[in-house]
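[1] Return atomic coordinates for the entry below.
(chains A and B)
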Amino acid sequence: MDTPSLYAAREPIFPRRVSGKFRQLKWWIMAITLGIYYLTPWIRWDRGPNLPDQAVLVDLASRRFYFFWIEIWPHEFYFVAGLLIMAGLGLFLFTSALGRVWCGYTCPQTVWTDLFILVERWIEGDRNARLRLHRAGWDVRKWRLRITKWVVWLLIGLATGGAWVFYFTDAPTLLGDLLSFSAHPVAYATIAVLTATTFVFGGFMREQVCIYMCPWPRIQAAMMDSDTITVAYREWRGEPRGKKGTDGAGDCIDCMACVNVCPVGIDIRDGQQMECITCALCIDACDDIMAKIGKPRGLVDYLALSDEPAERAGQAPKPVWRHILRPRTILYTAMWSLIGLGLVYALFIRSDIELTVSPVRNPTYVVQSDGAIRNIYDVRLRNKLGEDRAFRLSLTSDEVLRIDLDDRARNLTLTVPADSTVLQRVYVTARPQDPAAGIDRTDLRLWVEDLGSGDRASRATTFSGKVTP
Amino acid sequence: MSDKKIDETTGIETTGHSWDGIQELNNPLPRWWLWTLYATIFWGIAYTIAYPAWPLISGATSGVLGYATRAEVAEQITAHQAQNAELASALVAAELTELAPGDDLHRYATARGGAVFRAQCSQCHGSGAAGATGYPNLLDNDWLWGGDIDNIVWTIAHGVRNETDPDARYSEMPAFADILEADEIDAVVEYVLSLSKPDRDPVLAEAGNTVFLDNCASCHGDMAEGNRDLGAPNLADAIWLYGDSPEAVAYTVRNARYGVMPAWGQRLSDADIRAVSVYVHSLGGGE
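    The predicted model follows:
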């Protein structure tokens, strides 16, 4: 008896060229997404003399993230976390409403694979020519075509990896450095790794990345239900398959057009499959055939599986909006919008002075020789503007407390350089007769005032007294 | 005998394995997956040869690359010391009283001093320098031997009450148990406590004042304000190294106290001593 093989070589897939409205949409989305990716680092944004003038910049060295007029400091990373959560919820929303539209249209793996297949088709020809070339021996022509293809793939990979590093440092400077071989080794290493992964994932792994490496196909089933609009085959209309004009046959003439264009190599007529990325190319292919044989389009179509009984009975399906508007999509939209509104609100209440106050609790208080009680606070003052600013510290409290700065000169003003943070120890003292000295906790508020503009910010904290049992 | 079994529902070949009538379909993994598995196995073995890995009876294989985390740490320490050599020698040469907070050298000294403090001093004085009973609080403004930077350097370098260093600080309080009567001790305790606390017995304290002037004032001063030259503490303030209960003060009078600090000059470099002095001085109690 034959031992079944546990591991198998990849069955190469040679998707045929297709044209149609979804293919057209995919070309547009490819152009837009790649355009955004390659061009964004080159947009300039004037922020003043001390700050970078790149519109989108992830400045890891000085721990700043610039996004047009928004500047994010490390302690504001919740903006990035919030955006990531919104991206996740958005993915849930779109998947539950429209199936794997992300996979089919905008996933980088799909976009670059599409681009690589386009190059392949230009150089080696369409499906049949590529199949012949695949089976042919390694003669001069095959080598020439293959090497040409690989070189173009590598150039695309290089441009891809190259574009990535421009997000992390000033793009024109880095381009000059890269060309004169004086850029940081990390930049070259990043480009090399991304070139290699783009080349391998887009050129050779393709659908295997989606099937074996990406977790999303395994998760998406939980996001979808029978109301989800997804790519499917109208089995009740197509079956039984047969040649055109055969008695009792359905509309499917078994021409395999939908299979031949599929970039993941499945047959959509077998029903919902994990491998399907809902790229809709089979819809274009089938509609083309239906037009040729004079049948209505939509044998393969975007449809909701819950409409099947109605369609089978010859009734009209539910309108699309009734499929899309349902409790789970409304819930996802509500959560997504709430987080979005929260982030926008947080963005508007942000101040360009930031103050954090951490009471030193080791020890909670210090007794002075005259019996006074002193508390120590670490005050961090952030100046988010591009110029140096002077600040005055003061405190308000119901009790009589004193405030001192580190130099013990009672000088309550403090200069914070442009775009930086100053850590200052602040001492607050209660005299022995002050009530605060003998109470466990006294509320107080530390104020900071910009001496130039008069802007104020404050933080609440507490003063610890000595409690004698 | 080649009999491929085909599953009727899916049309996919089965492996021939069946459990309770459930057939296992043969959906082979891609071959690159297998090669990735082999590559990780090879990598794993090569890694254990290249780096320390296999446990032996004592220790472990050292790995052909000779890598050791200890050596790496030693290398990093040396590199940092070399990098900071200039600052360290500047610190040794500097006039410490002229270092201002915010200066590079002051920042370097407090950072280095903080590290020295946590490693060497925190065991007695606490990680926040607040001390404990018998171990001075370095955050307050009461200093037995003086709280300016030069006095702090001296105390740290030579220590307190140790015979290994002739320049060490020495305070000599006699044990008064054999010198004073019991009621005299009670009275002087009452007097000393009354200097900083209300509600003490005024009659007893008045009697104690006489005992104090006769026996204690020579070191602690007529007003009990202490004497830093002798390491005699100020008894009129709110700070009590050994506790402010009548029992604790009475114990001190009867037996005296014997606080000891090592002479760090024998253990640490000049730069370390000066750095930790600047650090302690900067904590908020320095004079």
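
[2] Which helix runs longest in chain B?
    Secondary structure assigned by DSSP state H gives helix B:69-93 as the longest helix of chain B.

[3] if you average pLDDT over that one, what comes out?
    Averaged over helix B:69-93, pLDDT sits at 94.

[4] counting contacts, what elements does that helix pack onto?
    helix B:104-116, helix B:270-282 (3 or more Cβ pairs under 8 Å, 6 or more residues apart in numbering or on different chains; DSSP states H and E). (Each C-beta comes from the backbone N, C-alpha and C, glycine too.)

[5] of all the ones you listed, which lies closest to chain A?
    For the helices and strands packed on helix B:69-93, the distance to chain A is smallest for helix B:270-282, at 7.6 Å, taking Cβ to the nearest Cβ.

[6] If you count neighbours, what's buried in that closest one?
    B:271-282 (16 or more other Cβ atoms under 10 Å in any protein chain shown).

[7] The longest helix of chain B versus helix B:104-116: what angle between them?
    For helix B:69-93 against helix B:104-116, the angle by axes from the mean of the first three to the mean of the last three Cα atoms, to 10 degrees is 130 degrees.

[8] what's helix B:69-93 in contact with?
    Contact partners of helix B:69-93, identified using Cβ atoms under 8 Å, 6 or more residues apart in numbering or on different chains, comprise B:104-105, B:108-109, B:112, B:270-271, B:274-275.

[9] Now do the closest residue to residue B:191 other than its chain neighbours against residue B:59, distance only.
    Spatially, and ignoring its direct neighbours in sequence, residue B:191 is nearest to residue B:208 (2.8 Å; Cβ to Cβ, 6 or more residues apart in numbering or on different chains). The gap separating residue B:208 from residue B:59 is 67 Å, by Cβ to Cβ, to the nearest Å.

[10] For the longest helix of chain B, what is the distance to the chain centroid?
    With Cα atoms, centre = their mean, to the nearest Å as the basis, helix B:69-93 stands 20 Å off its chain's centre.

[11] buried stuff in that helix?
    So, applying 16+ other Cβ under 10 Å, buried residues of helix B:69-93: B:84, B:87-88, B:91.

[12] And stretch B:158-165, by the same measure?
    B:158-160, B:165.

[13] CSV please, covering those and showing pLDDT, distance to chain A and secondary structure.
    Formatted as CSV, those follow (pLDDT from 0 to 100; distance: Cβ to the nearest Cβ, whole Å; DSSP: H, G, I helix; E, B strand; the rest coil):
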residue, pLDDT, distance to chain A, secondary structure
B:158, 96, 25, helix
B:159, 95, 24, coil
B:160, 94, 20, strand
B:165, 92, 28, coil
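
[14] Format the residues you listed as a markdown table; extra columns: distance to residue A:134.
    As requested, the buried residues of stretch B:158-165 are arranged in a markdown table below (distance: Cβ to Cβ, whole Å):
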| residue | distance to residue A:134 |
| --- | --- |
| B:158 | 86 |
| B:159 | 85 |
| B:160 | 88 |
| B:165 | 87 |
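
[15] okay, now the residue in chain A that chain B sits nearest to: neighbour count?
    Nearest to chain B in chain A, going by Cβ to the nearest Cβ, is residue A:362, at a distance of 3.2 Å. Burial of residue A:362 is recorded as 11 neighbouring residues (other Cβ atoms under 10 Å in any protein chain shown).

[16] Count the neighbours of the residue nearest to it when sequence neighbours are not counted for me.
    The spatially closest residue to residue A:362, leaving aside those adjacent along the chain, is residue B:128, at 3.2 Å (Cβ to Cβ, 6+ apart). Neighbours of residue B:128 under the rule other Cβ under 10 Å: 18.

[17] ok, now residue A:136?
    With other Cβ under 10 Å as criterion, residue A:136 counts 11.

[18] follow-up on the earlier one: now tabulate the helices and strands packed on helix B:69-93 in CSV and tack on mean pLDDT.
    CSV is the format used below for those (pLDDT from 0 to 100):
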stretch, mean pLDDT
helix B:104-116, 95
helix B:270-282, 96
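
[19] okay if I get these as CSV plus distance to chain A?
    Listed next are the helices and strands packed on helix B:69-93 as CSV, based on distance: least, Cβ to the nearest Cβ, whole Å:
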stretch, distance to chain A
helix B:104-116, 11
helix B:270-282, 8
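
[20] Save those as CSV, and put in distance to residue A:101 too.
    Listed next are the helices and strands packed on helix B:69-93 as CSV, based on distance: least, Cβ to Cβ, whole Å:
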stretch, distance to residue A:101
helix B:104-116, 54
helix B:270-282, 60
